[in-house]
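[1] For reference, the sequence and a predicted model appear below.
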Amino acid sequence: MRRGRASETGVGRGRPGYAREDVLLAAVDAFNAAGYEATSMGALAVRLGVTKSALYHHVSSKEELLREALDRALSALGGVIDDVRSLEGSDMERLRLLVRGTTLALCAEAPYVTLLLRLRGNSEVERSAMDRRREYTRIVAGLVAGAQADGDLRADVDPATVGRLLFGMVNSLVEWYRPDGELSAEELAALTGKMAFGGLVPRS
């Protein structure tokens, strides 16, 4: 984990500490490993090697860290959707770009997206994030419906189901993708698009 200068940290004034980015990532790793409810501020302080009072001096609660982490994940995914919707072109072209872009966003922000996908809706922060996720899925379903109307996608499948399946395929990457793995993020994004729109059966 990258160390920050004490003046940048946020944790441990007057002695070496962690930058805010490090604190957030440590919290996300803990939330993903043990669950948000099971992770206390005391456990986070131990994980960072600081006192709990030092942690509270700069972070008001673990909910603050959860909100910041979820905003990071949702902003990455939402930014892709905003960019795609603003582009000229067909809904099919937008859909292809969206699958590629969300794959890249997930690879770049994997710990944060993992946290987003594991929410249980036990707090207002979680429920709000889950509502935003559902809105993203509805937008994808709208693009699918548009591509169907244009004759670019088969029309005998429900757009909402297709939207969930597309996001489900991309989201599954959090379970196995590793930055140092065999495929780069760009290669993985290209393969995801091929799988989504070309399938595995060779065309005759």
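    That came through fine. Numbering: from 1, shown residues only.
[2] How is this protein partitioned into domains?
    6-59, 66-197 (automatic domain parsing).
[3] quick one: Ala19 and Leu166, what's the gap?
    Computed with CB to CB, to the nearest Å, the distance linking Ala19 and Leu166 is 36 Å. To be clear about C-beta, it is placed using only N, CA and C from the backbone, and glycine gets the same treatment.
[4] meant to ask about Asp91
    Applying CB to CB to Asp91 and Leu166 gives a distance of 13 Å.
[5] joint contacts of these two?
    Both Asp91 and Leu166 are in contact with Val144, where contact means CB atoms under 8 Å, 6 or more residues apart in numbering.
[6] This structure: helices as residue ranges?
    For the chain, the helices defined by DSSP state H cover 6-9, 20-34, 41-48, 52-58, 62-86, 91-108, 110-117, 124-149, 159-171, 185-197.
[7] Kindly present those helices as CSV, with separate columns for mean neighbour count and distance to Arg178.
    Formatted as CSV, the helices of the chain follow (neighbours: other CB atoms under 10 Å; distance: least, CB to CB, whole Å):
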stretch, mean neighbour count, distance to Arg178
helix 6-9, 15, 28
helix 20-34, 19, 15
helix 41-48, 17, 22
helix 52-58, 16, 29
helix 62-86, 18, 18
helix 91-108, 21, 10
helix 110-117, 22, 9
helix 124-149, 17, 24
helix 159-171, 18, 16
helix 185-197, 16, 11
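[8] can I get those in JSON lines with mean pLDDT and distance to Tyr177?
    Converted to JSON lines, the helices of the chain look like this (pLDDT from 0 to 100; distance: least, CB to CB, whole Å):
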{"stretch": "helix 6-9", "mean pLDDT": "38", "distance to Tyr177": "30"}
{"stretch": "helix 20-34", "mean pLDDT": "93", "distance to Tyr177": "14"}
{"stretch": "helix 41-48", "mean pLDDT": "92", "distance to Tyr177": "24"}
{"stretch": "helix 52-58", "mean pLDDT": "87", "distance to Tyr177": "30"}
{"stretch": "helix 62-86", "mean pLDDT": "96", "distance to Tyr177": "14"}
{"stretch": "helix 91-108", "mean pLDDT": "96", "distance to Tyr177": "6"}
{"stretch": "helix 110-117", "mean pLDDT": "96", "distance to Tyr177": "6"}
{"stretch": "helix 124-149", "mean pLDDT": "95", "distance to Tyr177": "19"}
{"stretch": "helix 159-171", "mean pLDDT": "94", "distance to Tyr177": "10"}
{"stretch": "helix 185-197", "mean pLDDT": "94", "distance to Tyr177": "7"}
